[in-house]
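Student: Here is a sequence with its predicted model. Questions after.
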Amino acid sequence: MRFGDRRRDRSLAQTVIPAMILALLLVGAITYLRWRSPARPTIPPGTPPEVASRIRGLYSQDPVQRAVAARNLRLEPSSSAAIPALIGLLSDDTEIRRLDPPDVDPGYTPTPGKEAARTLASIGKHAVEPLISELTKEDSAGRAMAACALGEMREHSAVEALIAAVRDRRLSVRAEASRALGLIGDRRAVGPLARAARDRDPGVRMNAVMALGWIKDERVIRPLMGALGDEDETVAATASSQLADLRVPGLEESLIVAARDGVPALRARVAGALRGRTSRPAVEALIALLQDENREVRRTAAWSLFSSESPLAVEALIRALRDPDSEVASWSENALLAISGYGAAAGRDPAAWEAWWRKNKSRLLRADS
């Protein structure tokens, strides 16, 4: 390479590198200021001064101030004037470490967009059409929070738009739309939610499974039972929990059949789904699971029998006090205490519990029949 070529390369580098740095700084500045537009907020004529002040706060450069302004608009009876500005704020996902007063949900991480969604939900009917319009805009970054707001409103007129959003290319939109459909509880959503329960993203699957459990329809049994075998433990645990709380015809029978499955993890989740059920077939299924070779299955069965408080399980629970796994023995003791009305003080002594049972068996079984 000739000396002139090296000089030319050095000169080119001195020109290109600063230009690249400038471009990166410009992108960062645009990202930082992206929530600021429009710079001059549009405030409808006749807007009360307090509402107008809070609308201006939605355009602050400080994300905390934007979130506070959105939250405070929930206190205003005339906050409908803020709907366009709140819609524009839905895409603001800047996380805020702390917002006073803190939310009652300790797991809630506030963002201006979430606060805007909550306020729009509180505004009610005047916000419905703008939210549906936002949800159906393919290029909108606020679709997920629009779905969230419509779900919180239990807005049945949004069901078709939400069903379409369950197939959105963005997983955040699919997840929020799934949850919203569950909150609304419309039976038209069962099929789309069943498909969402097989989504490639575990977060979407979890929301879909949760939503299915909120809809009281026999058709949710199959997708929820299928989700018990999900490869993601959180999704599978959610399915078990939702099944435990669900009461629809045919579900208990399906769970009892599944309790004989050959996969221990699935049997454990079925044992959890049988929690709180007091019919003889359900209790007998749990008694069988309490004798399972897998300790996780036995643990979950003992815990579920504690919730059921069925005298039918007493003899099996007394035997389980001798279980080599201390957690199984502990939950069995707790179940026996619950069945006894916490009146027995037998600890983990099987002989003491057997004596208690001989004395109280007839009374308890008669009351349970």
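Tutor: Received the coordinates, thanks. Numbering: from 1, shown residues only.

Student: quick one: Glu327 and Glu296 touch, right?
Tutor: No. Glu327 is beyond contact range of Glu296, at 9.4 Å (criterion: Cβ atoms under 8 Å). Quick note: C-beta positions are derived from backbone N, CA and C, even for glycine.

Student: so what's Ala258 up against?
Tutor: If a contact means Cβ atoms under 8 Å, 6 or more residues apart in numbering, then Ala258 has 225, 228, 266-267, 270 as its contacts.

Student: And it, how close does it get to Ala268?
Tutor: 11 Å (Cβ to Cβ, to the nearest Å).

Student: quick one: contacts for Ala197?
Tutor: By Cβ under 8 Å, 6+ apart, the contact set of Ala197 is 205, 208-209, 212, 223-224, 226-227.

Student: how about 6 Å then?
Tutor: By Cβ atoms under 6 Å, 6 or more residues apart in numbering, Ala197 lies in contact with 205, 208-209, 223, 227.

Student: for Val166, same thing?
Tutor: 174, 177-178, 192, 196.

Student: Report the two of those separated the most.
Tutor: Using Cβ to Cβ, the contacts of Val166 span at most 10.2 Å, a distance reached by Arg174 and Pro192.

Student: Looking at the two, which one has more neighbours?
Tutor: Arg174 (26 against 21; other Cβ atoms under 10 Å).

Student: hang on, that one packs against Asp168?
Tutor: Yes. Counting by Cβ atoms under 6 Å, Arg174 touches Asp168, with 5.3 Å between them.

Student: Give the next helix or strand downstream of the helix or strand of the chain with the lowest mean pLDDT.
Tutor: Every helix and strand in the chain was compared by mean pLDDT, DSSP states H and E; the lowest is helix 3-33, with a mean of 55. The helix or strand immediately downstream of helix 3-33 is helix 49-57, counting by DSSP states H and E.

Student: Under the pLDDT cut-off, which ranges of the stretch 101-250 of the chain? List them.
Tutor: Scanning the stretch 101-250 of the chain for pLDDT under 70 picks out 104.

Student: any idea how far the closest residue to Asn360 other than its chain neighbours is from Ala127?
Tutor: Take Asn360 and drop its neighbours on the chain: the residue closest to it by Cβ to Cβ, 6 or more residues apart in numbering is Ser340, 7.4 Å away. Per Cβ to Cβ, Ser340 is found 53 Å from Ala127.

Student: Just send the contacts of Ala258 back as a markdown table, with neighbour count too.
Tutor: Formatted as a markdown table, the contacts of Ala258 follow (neighbours: other Cβ atoms under 10 Å):
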| residue | neighbour count |
| --- | --- |
| Met225 | 20 |
| Leu228 | 26 |
| Leu266 | 18 |
| Arg267 | 25 |
| Val270 | 29 |
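
Student: Buried ones in stretch 215-232, by neighbour count?
Tutor: 215, 220-221, 223-225, 227-228, 230 (16 or more other Cβ atoms under 10 Å).

Student: From Asn360, how far out is Arg275?
Tutor: Distance of Arg275 to Asn360, computed by Cβ to Cβ: 24 Å.

Student: Comparing the two, which shows the higher neighbour count?
Tutor: Higher neighbour count among Arg275 and Asn360: Arg275, with 21 against 18, using other Cβ under 10 Å.

Student: Check the more buried one and give its pLDDT.
Tutor: With respect to pLDDT, Arg275 scores 96.

Student: so is Asp199 in a helix, a strand, or just coil?
Tutor: Put simply, Asp199 is coil when judged by DSSP: H, G, I helix; E, B strand; the rest coil.

Student: Off-centre distance for stretch 184-204?
Tutor: Remark: stretch 184-204 is offset 13 Å from the chain centroid, using Cα atoms, centre = their mean, to the nearest Å.

Student: Tell me how many other residues crowd Gly347.
Tutor: For Gly347, the neighbour count with other Cβ under 10 Å is 12.

Student: residues touching it, list them.
Tutor: Neighbour list for Gly347: empty [criterion: Cβ under 6 Å, 6+ apart].

Student: Could you look up the SS state of it?
Tutor: Gly347 ends up coil, using three-state DSSP.

Student: What pLDDT is listed against it?
Tutor: Gly347 carries a pLDDT score of 85 in this model.

Student: Measure how far whichever strand or helix holds Glu160 is from the centre of its chain, please.
Tutor: Following DSSP H and E, one finds Glu160 within helix 159-165. Here helix 159-165 is found 19 Å from its chain centre; the criterion is Cα atoms, centre = their mean.

Student: Send me it as PDB with only the CA atoms.
Tutor: Presented in PDB, the C-alpha positions along helix 159-165 are these (Å, rounded to 0.1, in the frame of the first residue of the first chain):
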ATOM      1  CA  VAL A 159     -64.200  -8.800  21.700                       C
ATOM      2  CA  GLU A 160     -63.900  -9.100  18.000                       C
ATOM      3  CA  ALA A 161     -61.000  -6.600  17.900                       C
ATOM      4  CA  LEU A 162     -59.300  -8.500  20.800                       C
ATOM      5  CA  ILE A 163     -59.700 -11.800  19.100                       C
ATOM      6  CA  ALA A 164     -57.900 -10.400  16.000                       C
ATOM      7  CA  ALA A 165     -55.200  -9.000  18.300                       C
END
